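**Q** please find the sequence and the predicted model below.
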Amino acid sequence: MRQPVHYAAIVIGSGQAGGPLAADLAAAGWKTALVERDRLGGTCVNVGCTPTKTLVASARVAYLVRRAADYGVSTGRVAVDMVRVRKRKRDIVRSFGGVTPDRGAKKAHLHVLYGEARFTGPKTIEVSMFGGGVRRLTADSIFINTGARPSRPALRGLADVEALDSTSIMELDSVPDHLLVLGGGYIGVEFGQMFRRFGSRVSIVQRADALLAREDPDVADAVVSILREDGVEVLLGAEARSVAPRGKGRIHLSVRQKGRSRRLAGTHLLVATGRQPNTDRLNLGAAGIATDEKGHVVVDERLETRVPGVYALGDVKGGPAFTHVSYDDYRIIRTNLLEGGSSTTKGRLVPYTVYMDPELGRVGLSEAEARERGLEVRIAKLGMDSVARALERDEPRGFIKIIVDRATDQILGCAVLGIEGGEIMSMIQIAMMGRVPSTVLREAIFAHPALAESLNNVFHRFQDQLPRRQDFA
Ligand SMILES: Cc1cc2nc3c(=O)[nH]c(=O)nc-3n(C[C@H](O)[C@H](O)[C@H](O)COP(=O)(O)OP(=O)(O)OC[C@H]3O[C@@H](n4cnc5c(N)ncnc54)[C@H](O)[C@@H]3O)c2cc1C
């Protein structure tokens, strides 16, 4: 076997943090190895955000065309060609992918190795190369950015059926007749609604009594209502017991709901019950790197593991699993190691959007979280059916809910379930970042009839206060 090659830095995984970090380290003159076992760019670009949002856009077109008559427009029969939908998705993924590590990097300092890395000691790894052979590397600093993958629940019979996961479902070349979705988190909700709009019959089976476990009950209930209105069957409090193939490409899913057994017969099964960190094959024990009970790498608020000089970034370290979190992890490391700063994960504001339609944008505390913390809050809530722009666009579903600290008038968080909910949420997020009191937003001039205008009206709708003047929307 060859002698180990020494690097200043090894980055394992080219996810949302690893790619830009490797590029920056190399540009700063650190001799850097970036190891990737699959496609450059990681989950988000290849099998996560980018392809799903591309498909959501196609599904929304199908939905709007079916609703064309609502706008006074006549169309013919709506047909969805999944081969073309998939091609559009593949083209966009291809156009986004593979560019990350070269960005701005001094290539002389950056070596990209295609293969799977595993630790052999605290600062040593070996890489099983795609082309065969094993390389041994050592480094002063190692950055783990290996992400996560769909997990498989221990469901009786699952090995006997061709179950789909979030990756394989996006490669279908035809619309399933009846898609069974196991799991009512954001991935199950996005795919469930999407395939309903493509033309499938869809049943979402959720063990908990609500979809989207993290949300306030009024938000989660409204999500269920929207999905049901779209024709998605949503089974809450329904525990999957077993699954089995049944002739002619059918799948039977047995569930127990409210003490009663029920059997669903579908043509396809999507398993969307969560994701597990890619740590099981890293041999972290050899390096003395600790993991929690779910296998996430344990880090401190500067993202360092218990082994000095070894860091973990993105989904692999647990916590909110979003692209922008992983990217912010990269910024923290860059600030601390390349810019002499002192940045941490402490208190960072993490927004997210569920890309159902209408979107659910969320930032800060939910009402339940605020009350659990014993905060004195006021809740402002405005239906999208009171927002002029939403009515003009005939998309009045959902509401804006904002949680405000009673003593300081500061916004603590919001849920925006409505058209462009993610964008409206981001405006509120910016107000939170600037510590803008709710009264300032209430009295601000926004262009009429932008969706932003709802920020005037929502703060006339505190639940403990009558409107101060007639809303004009
Ligand atoms: C269907 C779906 C939709 C999503 N939609 C959104 C969304 O809309 N918005 C959002 O913010 N987030 C979304 N996410 C989550 C988001 O994709 C992830 O949070 C994000 O990609 C995490 O990035 P990461 O940097 O942690 O690692 P990843 O992007 O997962 O990258 C890890 C990389 O490490 C590589 N790797 C793993 N092990 C090894 C090894 N031993 N050796 C070498 N390489 C290795 C992998 O091949 C992979 O390329 C979605 C996820 C899914 C699955």
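**A** Right, received. Where do you want to start?

**Q** only C-alpha atoms from now on, for both contacts and neighbour counts.
**A** Fine.

**Q** what ranges does the stretch 351-473 of the chain have for its strands?
**A** Secondary structure of the stretch 351-473 of the chain by DSSP state E, counting those that start in this stretch: the strands cover 352-354, 359-364, 377-383, 399-405, 411-418.

**Q** right, and these - which one's nearest Leu284?
**A** Comparing the strands of the stretch 351-473 of the chain against Leu284 with CA to CA, the closest turns out to be strand 352-354 (30.4 Å).

**Q** re the thing from before, tabulate the strands of the stretch 351-473 of the chain (TSV), appending distance to the ligand and mean pLDDT.
**A** Conversion of these to TSV gives the following (distance: least, CA to the nearest ligand atom, whole Å; pLDDT from 0 to 100):
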stretch	distance to the ligand	mean pLDDT
strand 352-354	7	98
strand 359-364	11	98
strand 377-383	24	97
strand 399-405	20	98
strand 411-418	15	98
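
**Q** of those, flag the one that's most buried.
**A** Among these, ranked by average contacts under mean count of other CA atoms under 10 Å, first place goes to strand 411-418 (a mean of 27).

**Q** elements contacting it?
**A** Packing contacts for strand 411-418, counted by 3 or more CA pairs under 8 Å, 6 or more residues apart in numbering; DSSP states H and E, involve strand 359-364, strand 399-405, helix 421-433.

**Q** His460: which of the ones you listed is closest?
**A** Using CA to CA as the measure, strand 399-405 is the one of these that comes nearest His460, at 11.5 Å.

**Q** how far off centre is the closest one?
**A** 22 Å (CA atoms, centre = their mean, to the nearest Å).

**Q** tell me if stretch 262-277 is near the ligand.
**A** No: where contact is defined by CA under 6 Å from any ligand atom, no part of stretch 262-277 touches the ligand; the two come within 7.9 Å at best.

**Q** residues from the stretch 1-150 of the chain in reach of the ligand?
**A** Residues of the stretch 1-150 of the chain lying close to the ligand by CA under 6 Å from any ligand atom are 12-17, 35-44, 48-49, 52, 115-118, 145-148.

**Q** buried ones among the residues you listed?
**A** The neighbour count (16 or more other CA atoms under 10 Å) marks 12-17, 35-37, 39-44, 48, 52, 115-118, 145-148 as buried among these.

**Q** which of these fall within helices?
**A** In helices, defined here by DSSP state H, the members of these are 42-44, 52.

**Q** tell me the secondary structure at the closest residue to the ligand within the stretch 151-300 of the chain.
**A** In the stretch 151-300 of the chain, no residue comes nearer to the ligand than Ser166, which is 5.0 Å away by CA to the nearest ligand atom. When states are read from DSSP: H, G, I helix; E, B strand; the rest coil, the local structure at Ser166 comes out as coil.

**Q** and for it, the neighbour number?
**A** The criterion is other CA atoms under 10 Å. On that basis, Ser166 has 18 neighbouring residues.

**Q** ok, now Val73?
**A** Each residue near Val73 was counted by other CA under 10 Å, and the total is 9.

**Q** helix, strand or coil: sort out it for me.
**A** Val73 is classified as coil under three-state DSSP.

**Q** please report phi then psi for it.
**A** In terms of degrees, to the nearest 10, the main-chain angles of Val73 are phi -110, psi 130.

**Q** repeat that for Ser261.
**A** The main-chain torsion angles of Ser261 are listed as degrees, to the nearest 10 and equal phi -90, psi 150.

**Q** that one and Arg241 touch, don't they?
**A** No: using CA atoms under 8 Å, Ser261 is not in contact with Arg241; the gap is 9.2 Å.

**Q** so which of those two has more stuff around it?
**A** Set side by side, Ser261 and Arg241 show more neighbours around Arg241, with 16 against 13, by other CA under 10 Å.

**Q** mean confidence (pLDDT) on the helix or strand encompassing the more buried one, please.
**A** Assigning secondary structure by DSSP states H and E places Arg241 in strand 238-246. For strand 238-246, mean pLDDT rounds to 96.

**Q** identify each buried residue in that strand, please.
**A** With burial defined by 16+ other CA under 10 Å, the residues of strand 238-246 counted as buried are 238-245.

**Q** would JSON lines of those residues with distance to Ser95 be doable?
**A** Putting the buried residues of strand 238-246 into JSON lines (distance: CA to CA, whole Å) gives the following:
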{"residue": "Ala238", "distance to Ser95": "40"}
{"residue": "Glu239", "distance to Ser95": "40"}
{"residue": "Ala240", "distance to Ser95": "39"}
{"residue": "Arg241", "distance to Ser95": "42"}
{"residue": "Ser242", "distance to Ser95": "40"}
{"residue": "Val243", "distance to Ser95": "38"}
{"residue": "Ala244", "distance to Ser95": "39"}
{"residue": "Pro245", "distance to Ser95": "38"}
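
**Q** what about the strands in the stretch 51-200 of the chain?
**A** According to DSSP E, counting those that start in this stretch, the strands that the stretch 51-200 of the chain contains are 110-121, 124-129, 134-144, 148-150, 178-182.

**Q** and Glu190, which of those strands is closest to it?
**A** Taking CA to CA as the measure, the strands of the stretch 51-200 of the chain were each checked against Glu190, and strand 178-182 came out nearest at 10.5 Å.

**Q** what helices and strands are in contact with that closest one?
**A** Using 3+ CA pairs under 8 Å, 6+ apart, strand 178-182 is in contact with helix 186-198, strand 201-205, strand 260-266, strand 268-271.

**Q** let me have the ones you listed in CSV, extended by distance to Asp357.
**A** Rendered in CSV, the data for these read as follows (distance: least, CA to CA, whole Å):
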stretch, distance to Asp357
helix 186-198, 8
strand 201-205, 16
strand 260-266, 24
strand 268-271, 20
